[in-house]
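**Student:** Need a 3D model of the sequence below.
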Amino acid sequence: MAIDTSSTMQEQKARFYSDVIDEDQSMCLIFWFHMYGAHVGTLNVGYGDVTGIPVGPAIWTRLGEQSYNWLYGHVAIGPTPTNPRVFFEGIAGDGNQGDIAIDDVIVVNGSCPALLYCDFQSSDMCGYTNDDEARLQWTRDRGLSAVSGPYVDHSTGTADGFYIRVKSGQFPRRGDQGILTSLSYPRPISGYRCLEFWYMMNYDVGDLTVDAIFLDLNLFEVSTVSQTFTGPTGGFWRKGSMEVETYQENLFRFTLTVQNTLSGAYVAIDDIFAKGEKCAGQLGSCDFEIDTCDWSNTQNHDEIDWLRHSGSTGNEQGSPDYDHTTGTPSGWYMFIDSSLSTFGSRARLESTGLDTGSSSVCFSLWYHMSCGGDSQNTLSVAGETASDSFSLWSFTGVTNAEWINKQISFVHSISYRLLIEGTLGASSLCDVAIDDLSFYEGACDGGGTPAPPFECTTGEEVINSQKICDMHPDCADGSDELNCGICNFEESQCGYTTDPTGLYPWMRYGDNVPTTPPPTLVLPVKNPLTSNRTYMIVDNTAMPGDGAENSRLVSQVIQEVSSECIIEFSYYLSGLDTLMVSYTTSREEETILYRAARPRTGSWQLAILSVGRIRNPFQFNFLATHYIGGSPGVTAVSDVTLVRCEFPDTQETCIGEFSCSNRACVFYDTVCDFTDDCGDYSDEIMCDPERHMARCDFETSLCSFTHLASDYPWIRTAGVHVPDKQYAPTRDHTTNARGGYYMLAEAFGRRSGEVARLASPVFLETGIASTCTVRFYLFGNGPDVGTLNIYTRTTNGGALNLVRSLANFAIDSFTFIEEFLIVLDNFQVVIEAKVGEGPEAAIAIDDISFLNCDLSAEPLPIGSTTPGPSTLAPCPNEDDFQCGDGQCVAGDDVCDFLTQCSNAMDERFCGNCEFDVDLCGSTNFGWRRREAGSDPDYLPTDHFLNPTEPGYYLESSYGVNTLTTPLIGPTGPNCSVELYYYMSNSSAQLELRVYVLSGPSLALFTGRDSANRWEKATVVVGQFTFSIKLAFDHIYLLPPNGEFMALDGISYIQCEEPQFPTTTPKATTTPILISPSQSLTTSGSKPTTRGIRPTTRPTTQSTSSKPERTTSGVETTVGENLPSNSPNTALIASLSVVFGVMLLVLVVLSLIFWKKKRTSFSEGLDNPSYSKNSDSIHVSIWGGVVFATNANKSDYEL
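**Tutor:** Numbers count the residues shown, from 1 in each chain. Reported below is the predicted structural model:
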């Protein structure tokens, strides 16, 4: 419900009444409200009689703009026979941008819950109560009735607004207290609670102490954390904050303790906000990404307000298209809308009360006053104390650049606040915008002064300094793009410098470097990844810096990089040292890009990470942290390379592609996917609502997405709020900054298999010929990363239909995921995070969008997921494996290359695969299963090269591709894996890595080895005495330009462990059964693999029957295909044993004779001696043929 102010007069009212409510002692009215715009009036809640006539004053009120978002409100109500109805009243403001809306109104019995935000406009004081035993009382008051102050509240800035205070007349003696206690707040999901409030003291009357009191499950106090605030505040409202780390319920207690009994003194509090997150930074600093921090619009001395906004304002000639903080349309800034008022109208923004002592202060802000027309707009910065004001800076006119930085140095010794005022000129086409307000200690460093022009190396050209390191060569010799982050450190440090305030200095060392390292400095081994022998190393033998936490290596300033930008480097870590990579845009704004894995002593590692779009000038930082107190570690960096950081070239015309505003061309499928492909955001600014549905970047809310009932919820958070969570994203995808929001599913504190589910809005059926696509960005980090599943559902509460499952995708950045949808009923998309095997993991998603999907106005029908009856009894032991026919085998016996199930199901889903049906038990991230020949862009056949039966294979996608087998093994000493791979060209960037998960690397194949043909490879695995997982990785972070690789035909060769009896000598080792389907002359033959057409395809796995253990402890082998229903079975078995023993004796005697003859022959030769194991003979009898096999599995037909 809303009031439309486009056609109303100021002070006109609209009321919305409830029905008659039965009288009750305690009830709570709960609702959501929205008040945003330059001319927002007043929203009231009050009582009315049976006929609707208002009775008494409003019981709840809000005045003026509140927030861009929907806000939660509640008020205690007590209807009576004379006032049985409740109404909402909207009062129009003085313009047409003042709509007020309410939604989700409910009335519940009982007391209202604790409000996270309280401005004391309601008479119930949000549940805050006084301590009856305290001598002083906190009372709700306002400026209209205040004798000594405050004369305005903080919420509205008017004398009508309310606050709570302790009056001066209550101060009888020193030590008296006034105690105010909140209701209890629920447990914060983030693990942090931030209390923010505004307070005013006109004299130094005493101490204001805030206690955070933690409660147990029975709501008893268990512990307390305290913080004290003092005054005076110089007649201004000052912001106070307190941050506590907790997962418990808690309440807050404000205690004023009188120290000085001064006449006319008061202490007041307003706008208490208990957030479930970490607190913001320094007072006075604000990037406006979350809110306006401790800045607020004044209610006096101006005519219009500053508005918080993201993206374009619609004023094409004179407004920003993006903010300064993030450089994206999703970032937020403050602006004055020039279309709302007339010449001379002012908007004033005021800070909290500030104290600087006598030291110098630097105040920095970024402003946007660029305009296509003539403008006389003015932007001013001034200071104000309780007694006077002083001007600091002013600018009138139009700027040429988008965002301009201004730094202002000043000194002030008493409390003050800053005022930022914009005054509109005659033009209605030029807005004024500001962003990134920052305070620094000390005088400004001149960052706002433009650098001198850059002279190219040839000496014939001079270019603007802002074009240095902008990823586009402006000098003919390219000298303006040298020393821009790329460096192998062989000739110099390429502009990299060590931060003098760091813990230890970085030094350049290696071949041909004249510097001699300290004798006690431990150096890394030579880097096998490159021929370069020069690097930057942390000198941890130097004197550590005071108060520093890390050693910082800083690059030269880089202007900006594209969304496709990648950084590669080699690093060496040992001991307990760690390494991170970050980028900084100012002294306060730092975003972590990379967190190195645990140190691998004595090993150089290659790091490849996505940098992403950075719009503002920045510097790369290599941050080394060191363990103090133990043996010093080693941290070194070399071969830093930037790839694809430049922007797309301009074109004369775009054929079949989207035309960017900067004349670049990009694919239509990349438009409105929350990535700046154009380089100027023109592909993300104007998104067709008919084609791009249900877009959400989670910067302000969940948009139209909802939580589904599950084991735990997705959490909307940002990197700045979870800095201590080891595996959570340090940045989002939208803004590529620590302040950007995303949805997080963290495994800590959860059990394996638990799920978090998020549902989209409802879409119409797609039809068979569907181009409906869901697109989002996925993050997964940590050794225990679980599974991300994409489902559709066509009923509410009904079955979930799996579209795609992603597992083993641990990478410390966001990866693009898209999936085509074909659903023949109205549906929702459900995104599910499933906890893996442990707590060390986090999964996150960001920037969801739908392409060519039509929204439905109707909800899904109610469904049911009642399971059908089970046809198989569960296994007696929880960890056993159900073969599918009622037989159970031990879970440890699955995928050990020895068949236990009579139907061989225990060896059927072990990763050996032709991919003709599915993935054969492997988990997959990135790889796409393709039907050869079914599309012109696909390969014509799989590795069998049979055009009549093209088959299936796996094809790589952009980004990370990982195929991981289930647990297999233990493996024997001769175990190997056979596979087929296809490289589309000879690029060295096309790589296939085969390795043991959390273990050694086994093989690396590149496009240099072969291209445009299927290649067969055999990878030696060797012996592992425990179960392992094999991984097949392909990482390709360069933009796809037709490059791809394919994988097919994975099989295991001789991977079974040798089976030795426990009670018989090696000379009589138990026979190994050879299946009738196996070749009798080749030990590497392979039985049929699941998913292969057995009539035309060779088999791909070698498995053996596992010997059954008898009661006597002797292992015997049971042949699967011997007839069991013959009447002469016993006789045949007896004769077989007799003849078997005779043949066995004959074979052994022959071999003894053969060995003696061989030994006597070899005595005269210089041959190596044979080990006892190499002469161990395995004998098997099958089909009348006797085989003798030595330990190396060579077959001899006797």
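**Student:** Tell me the confidence at the residue lying closest to Ser67 once chain neighbours are set aside?
**Tutor:** On the basis of C-beta to C-beta, 6 or more residues apart in numbering, the spatially nearest residue to Ser67 that is not a chain neighbour turns out to be Tyr36, at 6.5 Å. (Glycine included, C-beta is placed from N, CA and C.) Among the per-residue scores, Tyr36 holds a pLDDT of 83.
**Student:** My guess is Tyr36 contacts Tyr68. True?
**Tutor:** Yes - counting by C-beta atoms under 8 Å, a contact exists between Tyr36 and Tyr68, whose distance comes to 5.3 Å.
**Student:** which residues touch the residue nearest to Ser67?
**Tutor:** Applying C-beta atoms under 8 Å, 6 or more residues apart in numbering to Tyr36 gives the contacts 65-68.
**Student:** Quick check: it vs Leu307, distance?
**Tutor:** Applying C-beta to C-beta, to the nearest Å, the value for Tyr36 to Leu307 is 8 Å.
**Student:** joint contacts of the two?
**Tutor:** Going by C-beta under 8 Å, 6+ apart, residues that sit against Tyr36 and also against Leu307 are Glu65.
**Student:** Next up, the contacts around the residue sitting nearest the centre point of the chain.
**Tutor:** Ranked by distance to the mean C-alpha position of the chain (C-alpha atoms, centre = their mean), the top residue is Pro729 at 3.6 Å. Each residue near Pro729 by C-beta under 8 Å, 6+ apart is listed here: 719, 742, 744, 779, 781, 812, 814, 842, 844.
**Student:** May I see the buried residues of stretch 780-793?
**Tutor:** Residues of stretch 780-793 classed as buried under the neighbour-count rule (16 or more other C-beta atoms under 10 Å) are 780-782, 784-793.
**Student:** Make a markdown table out of the residues you listed and add pLDDT, distance to Phe335 and secondary structure.
**Tutor:** As requested, the buried residues of stretch 780-793 are arranged in a markdown table below (pLDDT from 0 to 100; distance: C-beta to C-beta, whole Å; DSSP: H, G, I helix; E, B strand; the rest coil):
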| residue | pLDDT | distance to Phe335 | secondary structure |
| --- | --- | --- | --- |
| Gly780 | 89 | 38 | strand |
| Asn781 | 86 | 37 | strand |
| Gly782 | 84 | 41 | coil |
| Asp784 | 84 | 45 | coil |
| Val785 | 86 | 41 | coil |
| Gly786 | 87 | 43 | coil |
| Thr787 | 90 | 44 | strand |
| Leu788 | 92 | 38 | strand |
| Asn789 | 93 | 42 | strand |
| Ile790 | 95 | 39 | strand |
| Tyr791 | 95 | 42 | strand |
| Thr792 | 95 | 41 | strand |
| Arg793 | 95 | 42 | strand |
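**Student:** Looking at these, which is nearest Asp287?
**Tutor:** Each of those was checked against Asp287 using C-beta to C-beta; the closest is Asn781, at 25.3 Å.
**Student:** hey, where'd the helices end up in the stretch 651-800 of the chain?
**Tutor:** Using DSSP state H, counting those that start in this stretch, the helices of the stretch 651-800 of the chain run over residues 682-685.
**Student:** For stretch 603-622, buried residues please.
**Tutor:** Applying a neighbour-count criterion of 16+ other C-beta under 10 Å, one finds 604-605, 607, 609-622 buried in stretch 603-622.
**Student:** Can you list the low-confidence ranges for the stretch 1051-1198 of the chain?
**Tutor:** Counting by pLDDT under 70, the stretch 1051-1198 of the chain shows low-confidence ranges at 1060-1198.
**Student:** so where do the helices sit in this protein?
**Tutor:** Using DSSP state H, the helices of the chain run over residues 682-685, 1129-1162.
**Student:** tell me the contacts of Gly502?
**Tutor:** Residues near Gly502 by C-beta under 8 Å, 6+ apart: 545, 548, 550-552.
**Student:** ok, how many other residues are close to the residue lying closest to Cys456 once chain neighbours are set aside?
**Tutor:** The spatially closest residue to Cys456, leaving aside those adjacent along the chain, is Cys475, at 3.6 Å (C-beta to C-beta, 6+ apart). One way to gauge burial is a neighbour count; for Cys475, by other C-beta atoms under 10 Å, it gives 20.
**Student:** I figured Cys475 hits Glu460, correct?
**Tutor:** No - under the contact definition of C-beta under 8 Å, Cys475 does not touch Glu460, with a separation of 9.2 Å.
**Student:** Mind checking the pLDDT average for stretch 940-956?
**Tutor:** Along stretch 940-956, the predicted confidence averages to a pLDDT of 92.
**Student:** what's the span of that stretch, first residue to last?
**Tutor:** Start to finish, the residues bounding stretch 940-956 are 16 Å apart (C-alpha to C-alpha, to the nearest Å).
**Student:** could we number from 590 for the rest of this?
**Tutor:** Shifting the count to begin at 590 puts that one at stretch 1529-1545.
**Student:** Flag every buried residue along stretch 1026-1035.
**Tutor:** 1026-1029, 1033.
**Student:** That should have said stretch 1356-1369, apologies.
**Tutor:** 1361-1369.
**Student:** before we move on, what about stretch 630-644?
**Tutor:** Buried residues in stretch 630-644, counting neighbours by 16+ other C-beta under 10 Å, are found at 630-637, 643.
**Student:** Also stretch 788-806?
**Tutor:** Across stretch 788-806, burial judged by 16+ other C-beta under 10 Å covers 788-792, 794-804.
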